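A.B. asks: Give me the fold of what follows.
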Amino acid sequence: MKLKLMSRVWVLLVAIWLPSGSLWAASEYTLSAAIDDAGRQRMLTQRILKAYTQLGLGVQPEQAKAELHNSVALFDTQYQRLQQWQHEPEIAEQLQRVDRIWQVYRQRTLGKVNAPEAQKLLSISESLLSESQRLVIRFEQLAGTQSAKLINLSGRQRMLSQRLAKYYLLGSWGIETPAMSQKMNQVRVEFDAALQVLQSHTFDNLEIVSRLTQIESDWAWFNNAMQQGRGDRYNLVVLDASEQLLRQLEQLTQLYVAEGERSAHS
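C.D. replies: Residues are numbered from 1 along each chain as shown. As a prediction, this is how the structure comes out:
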């Protein structure tokens, strides 16, 4: 019940933060907002396969199916909005690179669900993540500000939370390699390092400080949950922890976006 509630909260928050593209004139679609959207695309590349794997494991399948379809729809919506920046040649080229992989990934993640297919999707998800990361960097470089770097970094933490959950669930499904274990350790190190950077760049904003304190606690819970074991009970705990962490990171990123907007207008 708690997991289902958190999923509904996530969908609600997305609806609040992502107004319809028809309401946004190109001039109003700022670089800060674009970095945030591109960063969320990066997270969705991992969240989609996580939901697919959850569905394959039969862990709260209705919730997993809804999460999968909502994430695919959100990726499509954000991609359309990001195209407002196609007047920048490097952005336009990178959007095309993302789209080529996305069309394949989209079709297959919404298709048959089985372990052999998940194994193939793992490779595609990594490729899509790499191209999505390059897109975020293009936007960050275009902005050229400290705020842009922090929006990117905070947004990347969202992705890392979903990447770890993805790897954990794939392992529960019997899809685990030495390389995957190594990547999980690398993600943990990266998350810790990025959290320290964010904690040293709070803009003296008490809400950012408070959010970071909560994230540090949620991260410890999530990290510990993944090391307790595997099985249905542990899968649920890890999913719950990852959703709580993601929700906090989403809210933190919005605070950095707001700081970026203030800086741009000061």
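
A.B. asks: quick one: buried residues of the biggest helix by length in the chain?
C.D. replies: When the chain is scanned for its longest helix (criterion: DSSP state H), the result is helix 232-265. By neighbour count on 16 or more other C-beta atoms under 10 Å, the buried set for helix 232-265 is 234-260. Glycine gets a C-beta too; all of them are placed from N, C-alpha and C.

A.B. asks: just checking, what packs against that helix?
C.D. replies: With contacts taken as 3 or more C-beta pairs under 8 Å, 6 or more residues apart in numbering; DSSP states H and E, helix 232-265 sits against helix 2-17, helix 31-57, helix 146-172, helix 206-226.

A.B. asks: Average pLDDT for the last one, rounded please.
C.D. replies: With pLDDT averaged residue by residue, helix 206-226 scores 97.

A.B. asks: which stretches of the stretch 151-266 of the chain have low pLDDT?
C.D. replies: Applying pLDDT under 70 to the stretch 151-266 of the chain flags the ranges 266.

A.B. asks: please redo it, this time with the cut-off set to 90
C.D. replies: 176-179, 181, 227-233, 262-266 (pLDDT under 90).

A.B. asks: number of nearby residues for residue 71?
C.D. replies: 26 (other C-beta atoms under 10 Å).

A.B. asks: Now do the longest helix of the chain against helix 31-57, angle only.
C.D. replies: 170 degrees (axes from the mean of the first three to the mean of the last three C-alpha atoms, to 10 degrees).

A.B. asks: tell me the angle of helix 232-265 relative to helix 146-172?
C.D. replies: Using the same axes, to 10 degrees: helix 232-265 against helix 146-172 is 170 degrees.

A.B. asks: okay, the angle between helix 232-265 and helix 206-226?
C.D. replies: Using the same axes, to 10 degrees: helix 232-265 against helix 206-226 is 160 degrees.

A.B. asks: mind putting the helices and strands packed on helix 232-265 in CSV, distance to residue 136 included?
C.D. replies: Output for the helices and strands packed on helix 232-265, formatted as CSV (distance: least, C-beta to C-beta, whole Å):
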stretch, distance to residue 136
helix 2-17, 17
helix 31-57, 5
helix 146-172, 6
helix 206-226, 20
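
A.B. asks: Tell me which of these approaches residue 103 most closely.
C.D. replies: helix 31-57 (13.3 Å; C-beta to C-beta).

A.B. asks: Report the distance from the closest one to the chain centre.
C.D. replies: Centroid separation between helix 31-57 and its chain, computed with C-alpha atoms, centre = their mean, to the nearest Å, is 4 Å.

A.B. asks: Just the CA trace of stretch 67-74, in PDB.
C.D. replies: C-alpha atoms of stretch 67-74 as PDB (Å, rounded to 0.1, in the frame of the first residue of the first chain):
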ATOM      1  CA  GLU A  67       5.100   3.000 -13.700                       C
ATOM      2  CA  LEU A  68       6.500   1.600 -16.900                       C
ATOM      3  CA  HIS A  69       3.800   3.200 -19.100                       C
ATOM      4  CA  ASN A  70       3.800   6.500 -17.200                       C
ATOM      5  CA  SER A  71       7.600   6.700 -17.600                       C
ATOM      6  CA  VAL A  72       7.500   6.000 -21.300                       C
ATOM      7  CA  ALA A  73       4.800   8.600 -21.800                       C
ATOM      8  CA  LEU A  74       6.800  11.100 -19.700                       C
END
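
A.B. asks: Next, the buried residues of that stretch.
C.D. replies: 67, 68, 70, 71, 72, 74.

A.B. asks: Distance-wise, check the second one relative to residue 253.
C.D. replies: It stands for residue 68. Noted for residue 68: a distance of 22 Å to residue 253, by C-beta to C-beta, to the nearest Å.

A.B. asks: Just say which of the helices and strands packed on helix 232-265 is most tucked in.
C.D. replies: helix 31-57 (a mean of 26; mean count of other C-beta atoms under 10 Å).

A.B. asks: After that one, which helix or strand is next?
C.D. replies: Per DSSP states H and E, the first helix or strand lying C-terminal to helix 31-57 is helix 61-82.
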